[in-house]
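> structure for the following, please:
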Amino acid sequence: MSSAATLPLRPGPRRRRVPVGRVIAVAILFIGGFGMIAPFLWMIVTALKSPEHLFDVPPNWIPLEFQWDNFSKAVNGPLPLLRNMFNSAFIAILGTLGILITAPMAGYAFARLKFRGQNAIFLGLLASMMVPVQVTIIPLFLIMRNLGVINTPWSLILPALTWAFGVFLMRQFFLTVPKEILEAARIDGAGPWTTYRLVALPLVKNGLSALGVIAFLNNPYLWNAYFAPSIFLNSQDTATLPLALVLMQGPFSTGQMNVVMAATTLAVIPALVVFLLAQRWIIASLTQSAVKG
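Numbering: from 1, shown residues only. A predicted model of the protein is given here:
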């Protein structure tokens, strides 16, 4: 008998079993993820459809004919869409830069400085976050009218500079800065302004990045805002992008929805680019805010 016949057979590699719980979790995440991106997919699909196929039943997720000229119709239509996009960008960029200047200074004062009435003022700041912009829009309109900035970008930039949420957010980030670092700077002779500018502010740069993205997208006067611009702006040339999208729908929504969706797709791109460029700092800021010094 040959020696090969006496060798024991080696068992084959075992297949690794995937836990059932993990499969269910992945399936739930996939369904939830698709539910979140489905409106964006439908927006892009509708932007590429022809008018006669907009309301097909059942709806088609793949256009029968790709109408790329819908984007040119949106840009070259009766509304100055590029001008409106520039207006939104100008207001959102200047407003965001202003918030990045005012909110960190106020947040540092509430977090690390001591002054009379500090707690009462901070409670008032928190209370103002609970008041919707619709409640204060009339006195704010009167103030902007007295300043002579109605129907100009400054009627939206100036109110955005005092954002209570930005102050609260930066206060929380400054609370994560160890007190020992700030005290060491004071011992070395640094004053409050020098300590803030050269020591505390660089330590919360991730928070500044997160604040910039949140302010750009969610401030009630900047990029995505509709209500306040509809009050302060009253012409097509000064209108922001959200106002232009509503005007494109026409009276009783009789406008071409494929062209409106094409314009909406163009409006989403800048916000998507801002988020993709800053997502690394946003994740880092969330990690930093979880650790308090």
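> quick check: chain neighbours aside, which residue is closest to Ala109?
Phe115 (7.4 Å; Cβ to Cβ, 6 or more residues apart in numbering). (C-beta placed from N, C-alpha, C; glycine too.)
> how far away is that neighbour from Tyr108?
Distance of Phe115 to Tyr108, computed by Cβ to Cβ, to the nearest Å: 12 Å.
> likewise for Leu208?
When Leu208 is compared with Tyr108 (using Cβ to Cβ), they lie 12 Å apart.
> could you list the low-pLDDT ranges of the stretch 151-293 of the chain?
The model of the stretch 151-293 of the chain has pLDDT under 70 over residues 252-253, 281-282, 284-293.
> strands along that one, start to end?
For the stretch 151-293 of the chain, strands defined by DSSP state E, counting those that start in this stretch do not occur.
> ok, back up a step: hey, what's in contact with both of Leu208 and Tyr108?
Met170, Leu201 (Cβ atoms under 8 Å, 6 or more residues apart in numbering).
> higher neighbour count, these two?
Under the neighbour definition other Cβ atoms under 10 Å, Leu208 and Tyr108 were set side by side, and Tyr108 has more, 25 against 19.
> state the phi and psi torsions of the more buried one.
phi -70, psi -40 (degrees, to the nearest 10).
> is it true that it touches Leu175?
No. At 10.1 Å, Tyr108 does not count as touching Leu175 under the criterion of Cβ atoms under 8 Å.
> Leu156 contacts Trp223, correct?
No. Applying Cβ under 8 Å, one finds Leu156 not in contact with Trp223, separated by 10.5 Å.
> which neighbours do the two share?
Ile91.
> please say which of these two ends up with more neighbours.
Leu156 (28 against 23).
> for the more buried one, what are its contacts?
Ile91, Gly95, Tyr221, Leu222, Ala225, Ala228, Pro229, Phe232, Leu233, Thr240.
> what's the distance between the last one and Leu79?
Using Cβ to Cβ, we find Thr240 at a distance of 12 Å from Leu79.
> ok, those two, which is more surrounded?
Thr240 (30 against 19).
> quick check: the more buried one touching Leu81?
No. Thr240 is not in contact with Leu81 according to Cβ under 8 Å; the separation is 11.2 Å.
> going along the chain, name the helices of the stretch 1-150 of the chain.
Under the criterion DSSP state H, counting those that start in this stretch, the stretch 1-150 of the chain carries helices at the ranges 20-47, 69-75, 81-112, 118-129, 133-147.
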